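**Student:** build me a model from this:
(one chain, ligands or ions: 2)
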Amino acid sequence: MLTDSHAHLDDARFAADREALIQRAWDSGVRRILTIGNGAGPDDMGCGISFAEAYPWIYSTVGVHPHDASKVEARHFEMIGRLAEHPKVLAIGETGLDYHYDNSPRDIQREVFQRQLEIAAKLDLPVIIHTREADEDTERILRMVSPLRGVIHCFTSGRGLADAALELGFLISFSGIVTFPNARELAEIARTVPAERLLVETDCPYLAPVPHRGKRNEPSFVMETARFLASARGITLEQLASQTSENFTRLFSPPETA
Ligand SMILES: [Zn+2]
Ligand SMILES: [Zn+2]
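**Tutor:** Numbering: from 1, shown residues only. Ligands and ions are numbered 1, 2, ... in the order given. Got it, this is the predicted structure:
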């Protein structure tokens, strides 16, 4: 059983063949997908719920991506709280800081990030953190809010943030980036994350793993990243799949819907 713990099934690039690629994921052994509720912006954060309602094995989240932080109004924080009551909404996010693209001003990113962490703490839900070129501020803000649990998704940060996240009880999730030949340092971090703290994801439609690099990514490709991680860690694919699926269950407590 393999779990894709981060996908964007609502993405327009899936419009033409969405049902077929969801079926392909199932046929390849993926038994759970967490689709991220960011959508095209804050008003669209419920975009994953229709998938969660249509498929017993798909779950969703709600939140505002750092790219969209400047579009947030007070009502969107209420919207997060309201939509998070849905039984198949398992987490708040993705939220965080992206200083690579800087699509929203950094001070607004920080404020919207912290607000969402506070909502997650209040609702006792895990958070899905997106962080890019913002290691220091991410760590500082995570330390300001408690109690928190969650995952740093599509991890590409340095050892310092990995250690801080582990110290704070967070999980670390790796995407196809870890399979890229130039990502040696990242692969070394992935090799050493404790077994009970590891997740695997596609972040599709972005970041297809080798050997699909450059193509549109999809949940069935999570197999390739899992295979890479298993090999780096000296365990079998089956062991990696079951460890990461158990970790997913422990963090997100998905309701039994089968
Ligand atoms: Zn992200
Ligand atoms: Zn994402």
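
**Student:** for stretch 174-190, buried residues please.
**Tutor:** For stretch 174-190, the neighbour count (16 or more other CB atoms under 10 Å) marks 174, 175, 176, 177, 178, 179, 183, 186, 187, 189, 190 as buried. Bear in mind the C-beta positions are built from the backbone N, C-alpha and C, glycine included.

**Student:** go on, stretch 45-53?
**Tutor:** Applying 16+ other CB under 10 Å to stretch 45-53 flags 45, 46, 47, 48, 49, 51, 52 as buried.

**Student:** near ligand 1 too, which of those residues?
**Tutor:** Subset of these in contact with ligand 1: empty, counting by CB under 5 Å from the ion.

**Student:** pull the longest strand from this structure.
**Tutor:** strand 89-98 (DSSP state E).

**Student:** got the CA coordinates for it in CSV?
**Tutor:** Taking C-alpha atoms only, strand 89-98 is exported to CSV below (Å, rounded to 0.1, in the frame of the first residue of the first chain):
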residue,chain,number,x,y,z
VAL,A,89,-10.5,17.3,5.5
LEU,A,90,-7.5,16.0,7.4
ALA,A,91,-5.2,19.0,7.7
ILE,A,92,-4.6,22.8,7.3
GLY,A,93,-2.4,23.7,4.3
GLU,A,94,-0.5,23.9,2.4
THR,A,95,0.7,27.1,4.1
GLY,A,96,4.1,28.5,4.6
LEU,A,97,6.7,30.8,3.1
ASP,A,98,8.0,31.0,-0.4
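
**Student:** in its sheet, what does it sit against?
**Tutor:** With DSSP bridges as the test, strand 89-98 is paired with strand 58-62 (parallel), strand 127-132 (parallel).

**Student:** what comes into contact with the helix or strand that the first one is followed by?
**Tutor:** Downstream of strand 58-62, the next assigned helix or strand under DSSP states H and E is helix 74-83. For helix 74-83, the external contacting residues (CB atoms under 8 Å, 6 or more residues apart in numbering) are 37, 42-43, 45-46, 49, 62-64, 89, 92, 115-116, 119, 123.
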